[in-house]
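> predicted model and sequence follow; I will ask about them next.
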Amino acid sequence: MYKRMPSRDHSAVVDVEESSALLQNSADVETTNPSWWLSFPHVIVATISSFLFGYHLGATTKSLAGMLIGRFLVGTGMGLGPPVAALYVTEVSPASVRGTYGSFIQIATCLGLMAALLIGIPVKEIAGWWRICFWISTIPAGFLAFAMMFCAESPHWLYKQGRSADAEAEFERLLGGSPVKYAMVELSKLDRGDEADTVKLSELLYGRHFRVVYIGATLFALQQLSGINAVFYFSSSVFKSAGVPSDIANVLIGVANLSGSIIAMLLMDKLGRKVLLLWSFFGMTISMVLQVAAANTYVSGSGSLYLWLSVGGMLMFVLTFALGAGPVPGLLLPEIFPSRIRAKAMAFCMSVHWVINFFVGLLFLRLLEQLGPQLLYSIFASVCMTAVIFVKKNVMETKGKSLQEIEIALLPQG
């Protein structure tokens, strides 16, 4: 886990920011270079290989260079894994439960973070325990690689490879019965003659596809500029200033994140993606306003009020983020992107995500020192409110619609 510390020492600020930024940098490199010719299960296995090499190097290295290379390999897997997983879940899930299934990715992320916190507890008492942590990480990675052998292929990917019979067989496996013929007819209307490897960057940025790519990239940009990663990376410093021990702070953040993700999973296919996004960003706005109020009470000397506003506002921010702004963009984007550009458009938007993530991690502590918490948190609140307006005006509801229906609605055929 990242080492968080007070930001008064400038050299310490630079060290922790550069450490936080390394994984995002490597993740962005890989996101921009996906392997379109491989099926989703094969790409996921390749991603796991990058994780395993990184874990092995981290567990066995005796040099700083080896550790950094290991972190880079893990970051490479992080860059490729999330967008591929989101695309895969979207393409194999029935429309009625696609939101619920997509939410499992966010829940798995929360559980992984909390497990990492628990596994890392003995680090202070047992010398070299951090190497054991790397070895433990290989267990779920290896299990996932094995499990992918039994997972379905994406019918959309199979059809674009010219394997119509295999695509129909996978639809039968995933949907069963009468929906298969309808799904194949709808698929043939959209995917016939389209090849993902012919899609150029200019097609994403100009013409008929610009609007959906603009929506996707902007959603990820607003998500990152809302301040969420500043909260996750450096929450211990904020809690410490309020008198809360770092271990307790990490547990509280993890519980809030997991609770919000579970609620989002239960509501995703009931209320819809757009409603969750609107209320999530609005709740984050209120939470950041509480942080601004906390900073003002700290200046005025109201210690107990500062504690409640600061801790409560941060936990509320994480909870409301997990309700929508966290899980929805990764689920919504594969839904709104037409099948022809889906993979590369997702990679482009994830690149926007990681680039902004990188700079937030690199610059947050520096900006906090130079601007002060009142102004910085006010900026975050303004971004969240801007996101509410953007979602209200630009995002369509995809709840209960097939991918083919969504594509026809956004890009009328003919």
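That came through fine. Computed from a prediction, not measured in an experiment: that's the story for all the values here.
> domain map for this protein?
Dividing the chain into domains by automatic domain parsing, as the record does, gives the ranges 10-151+199-410, 156-197.
> burial-wise, tell me which of the ones you listed comes out on top.
The highest mean neighbour count among these, using mean count of other CB atoms under 10 Å, belongs to domain 10-151+199-410: a mean of 19. Every C-beta, even on glycine, is put in place using the N, C-alpha and C of the backbone.
> okay, the domains of the chain in TSV with mean pLDDT next?
Conversion of the domains of the chain to TSV gives the following (pLDDT from 0 to 100):
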stretch	mean pLDDT
domain 10-151+199-410	82
domain 156-197	70
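> what's stretch 248-265 in contact with?
By CB atoms under 8 Å, 6 or more residues apart in numbering, the surrounding residues in contact with stretch 248-265 are 1, 100, 103-104, 106-107, 109-111, 113-114, 117, 231-232, 235-236, 238-240, 244, 276, 311, 314-316, 318-324, 326-328.
> then stretch 147-158?
Under the criterion CB under 8 Å, 6+ apart, residues 39-41, 44-45, 87-88, 91-92, 164, 166-168, 170-171, 173-174, 183, 187, 191, 339, 342, 403 lie in contact with stretch 147-158.
> among those, name the ones in helices.
When those are checked against helices using DSSP state H, the ones located there are 40-41, 44-45, 87-88, 91-92, 164, 166-168, 170-171, 173-174, 183, 187, 191, 342, 403.
> quick check: chain neighbours aside, which residue is closest to residue 324?
Spatial nearest neighbour of residue 324, excluding adjacent residues (CB to CB, 6 or more residues apart in numbering): residue 280 at 2.9 Å.
> distance of the closest residue to residue 395 other than its chain neighbours relative to residue 151?
Leaving out its chain neighbours, the residue that sits closest to residue 395 by CB to CB, 6+ apart is residue 274, at 5.2 Å. Residue 274 sits 30 Å away from residue 151 when distances are taken as CB to CB, to the nearest Å.
> and for residue 227?
As judged by CB to CB, residue 227 and residue 151 stand 36 Å apart.
> now swap in residue 240 and tell me
As defined by CB to CB, residue 240 lies at a distance of 43 Å from residue 151.
> then residue 402?
Going from residue 402 to residue 151 by CB to CB gives 21 Å.
> for residue 341, same thing?
24 Å.
> swap in residue 218?
With distances defined as CB to CB, the gap from residue 218 to residue 151 amounts to 32 Å.
> and for residue 106?
As judged by CB to CB, residue 106 and residue 151 stand 19 Å apart.
> going on from the helix or strand where residue 370 lies, what's the next piece of helix or strand?
Under the criterion of DSSP states H and E, residue 370 resides in helix 342-371. In the C-terminal direction, the helix or strand that comes right after helix 342-371 (DSSP H and E) is helix 373-394.
> can you list the neighbours in contact with that following helix?
Identification of contacts with helix 373-394 by CB under 8 Å, 6+ apart yields 215, 218-219, 222-223, 225-227, 230, 274, 277-278, 281-282, 284-285, 288-289, 291-292, 295-296, 325, 367-368, 371.
> repeat for stretch 84-104
With contacts defined as CB under 8 Å, 6+ apart, stretch 84-104 is touched by 34, 40-41, 43-44, 47, 105, 152, 154-157, 170, 174-175, 261, 264-266, 268-269, 272-273, 327, 330-331, 333-335, 342-343, 346, 399-403, 405.
> separation between the closest residue to residue 44 other than its chain neighbours and residue 88?
Closest residue in space to residue 44, ignoring its immediate chain neighbours: residue 148 at 5.5 Å, by CB to CB, 6+ apart. For residue 148, the distance to residue 88 (CB to CB) stands at 10 Å.
> tell me, how many residues neighbour residue 152?
Residues lying near residue 152 (other CB atoms under 10 Å) number 16.
> tell me which element it falls in.
Residue 152 is located outside every helix and strand, with elements delineated by DSSP H and E.
> so what does it look like in phi/psi?
As for residue 152, its main-chain torsions (degrees, to the nearest 10) stand at phi -70, psi 150.
> number the residues from 22 up from this point.
That works, and once the first residue is 22, the last one we named lands at residue 173.
> and it, how close does it get to residue 189?
When distances are taken as CB to CB, residue 173 and residue 189 turn out to be 13 Å apart.
> ok, residue 245 next?
Noted for residue 245: a distance of 40 Å to residue 189, by CB to CB.
> secondary structure element holding the nearest residue to residue 128 once chain neighbours are set aside?
In this structure, residue 128 finds its nearest non-sequential neighbour in residue 282, 4.7 Å apart by CB to CB, 6+ apart. Counting by DSSP H and E, the element that carries residue 282 is helix 267-288.
> restrict that helix to CA atoms and write it as PDB.
The C-alpha atoms that make up helix 267-288 are tabulated as PDB, following Å, rounded to 0.1, in the frame of the first residue of the first chain:
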ATOM      1  CA  SER A 267      -4.200   5.300   9.900                       C
ATOM      2  CA  ASP A 268      -5.200   1.700  10.400                       C
ATOM      3  CA  ILE A 269      -8.700   2.700  11.500                       C
ATOM      4  CA  ALA A 270      -8.900   5.200   8.700                       C
ATOM      5  CA  ASN A 271      -8.100   2.600   6.000                       C
ATOM      6  CA  VAL A 272     -10.700   0.200   7.400                       C
ATOM      7  CA  LEU A 273     -13.300   3.000   7.500                       C
ATOM      8  CA  ILE A 274     -12.600   4.000   3.900                       C
ATOM      9  CA  GLY A 275     -12.700   0.400   2.800                       C
ATOM     10  CA  VAL A 276     -16.100  -0.300   4.500                       C
ATOM     11  CA  ALA A 277     -17.600   2.900   3.000                       C
ATOM     12  CA  ASN A 278     -16.400   1.900  -0.400                       C
ATOM     13  CA  LEU A 279     -17.600  -1.600  -0.200                       C
ATOM     14  CA  SER A 280     -21.000  -0.600   1.300                       C
ATOM     15  CA  GLY A 281     -21.600   1.900  -1.500                       C
ATOM     16  CA  SER A 282     -20.600  -0.700  -4.200                       C
ATOM     17  CA  ILE A 283     -23.000  -3.300  -2.800                       C
ATOM     18  CA  ILE A 284     -25.900  -0.700  -2.800                       C
ATOM     19  CA  ALA A 285     -25.000   0.200  -6.400                       C
ATOM     20  CA  MET A 286     -25.100  -3.400  -7.400                       C
ATOM     21  CA  LEU A 287     -28.600  -3.800  -5.900                       C
ATOM     22  CA  LEU A 288     -29.900  -0.600  -7.600                       C
END
